[in-house]
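Engineer: Need coordinates for the below:
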Amino acid sequence: MKYLVNSREMKQYDTNTTEHFKVPSLLLMERAALAVFDEIKRQYPCSKKFLIVCGTGNNGADGFALTRLLLLDGAEVHTVLIGDRKKETDQCKKQLEILSAYGCSVLEAIPENTAYDVIVDAIFGVGLSRNVEGIFADTIRKMNEIPGKKIALDMPSGISSDTGAVLNCAFRADCTITFAYEKIPAHGVVAGLGIIVVVIRPKAGAGGGKAQLGIGVAVVQPEGHIHALDLVDMVLAAEHLVDFVLFSC
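Structural biologist: Numbers count the residues shown, from 1 in each chain. Below is the predicted model:
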């Protein structure tokens, strides 16, 4: 049985890891970017040209960290930053500083008439609760129109991670690479998520829970109510003549 989290719970787990377990947030982000890099290399080993579109939050920071790893691997990467620079999170600012130190430039708009092997969405991630409008909507629509494999980091921009609703428009991912836990929309009928890949899953360990990148859950009281059934759960349910697809506790 899989535990599904909403945006608020995932933020609690992140905060718990940095404040209670004292794991630096920069380390968590680096481990996440490395996991995404490995997954991209596994799925698209021949891809050499990337477009990564980043917002000003921590999802964008993930995109900037991924940019650096791909560039160091010899790929050609066009990275675009959209949004109000005054709203950059500390993590976003730090990843931009790192990119600048490596001599990497960041664009303000998607280049015209340029082909890419892979397009990466790192604009919003989880936590979006408002309709996507203006430059964000225009950019997402343009990303959808560009040929190439499409990857979303954590959650396709424009899809609510709590309900799966499309908030005016959304990135249409071929693959969504999410961290630690699957989000609730992964088990609904949600167009645009594509294949769901969960990297750095938490696993049992001392103190009630540890993750391969350090996300700790031991001191968090989750809101937790929704689980998704694995095949073995469904078989057991059928044997006991119980007809259900979601389990609440």
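
Engineer: Now the residue nearest to residue 83 when sequence neighbours are not counted, what are its backbone angles?
Structural biologist: Nearest non-adjacent residue to residue 83, counting by Cβ to Cβ, 6 or more residues apart in numbering: residue 56, 4.0 Å away. Using the backbone N, CA and C atoms, a C-beta is placed for each residue, glycine as well. Note on residue 56: backbone dihedrals following degrees, to the nearest 10 are phi -100, psi 10.

Engineer: do residue 159 as well
Structural biologist: Dihedral angles (degrees, to the nearest 10) for residue 159: phi -110, psi 130.

Engineer: Could you number the chain from 742 rather than 1 from now on?
Structural biologist: Sure thing, new numbering starts at 742, so read that last one as residue 900.

Engineer: What pLDDT does the model give it?
Structural biologist: pLDDT recorded at residue 900 is 91.

Engineer: Any idea what it is bridged to?
Structural biologist: Residue 900 has these beta-bridge partners by DSSP bridges: residue 907.

Engineer: and residue 851, what is it in contact with?
Structural biologist: For residue 851, the contact set (Cβ atoms under 8 Å, 6 or more residues apart in numbering) comprises 792, 794, 819, 821, 880, 883, 884, 887.

Engineer: measure it to residue 785 for me?
Structural biologist: In this view, residue 851 and residue 785 are 20 Å apart by Cβ to Cβ, to the nearest Å.

Engineer: if we can go back for a sec, just the buried ones from the contacts of residue 851?
Structural biologist: Restricting these to buried positions leaves 792, 794, 819, 821, 880, 884, with burial counted as 16 or more other Cβ atoms under 10 Å.

Engineer: Reformat those into CSV and put secondary structure and distance to residue 907 next to each item.
Structural biologist: Shown next, in CSV, are those (DSSP: H, G, I helix; E, B strand; the rest coil; distance: Cβ to Cβ, whole Å):
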residue, secondary structure, distance to residue 907
792, strand, 22
794, strand, 18
819, strand, 26
821, strand, 22
880, helix, 16
884, helix, 15
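
Engineer: What is the most widely separated pair among the residues you listed?
Structural biologist: For the buried ones among the contacts of residue 851, the maximum inter-member distance is 13.1 Å, found between 819 and 880 (Cβ to Cβ).

Engineer: Rounded mean pLDDT for the lengthiest helix in the chain, please.
Structural biologist: Determined from DSSP state H, the single longest helix within the chain is helix 766-784. For helix 766-784, the mean per-residue pLDDT is 92.

Engineer: Any regions of the chain where pLDDT drops low?
Structural biologist: Where the chain drops to pLDDT under 70, the residues are 742-758, 921-990.

Engineer: where do the strands sit along it?
Structural biologist: In the chain, the strands defined using DSSP state E lie at 743-744, 790-795, 817-822, 859-863, 890-894, 916-920, 936-940, 943-944, 951-952, 967-969, 987-989.

Engineer: Paired strands for the fifth one, with orientation please.
Structural biologist: Based on DSSP bridges, the pairing partners of strand 890-894 within the sheet are strand 859-863 (parallel), strand 916-920 (parallel).

Engineer: just so I know, which of the ones you listed lies nearest residue 762?
Structural biologist: Here strand 916-920 is closest among the strands paired with strand 890-894 (Cβ to Cβ), at 16.0 Å.
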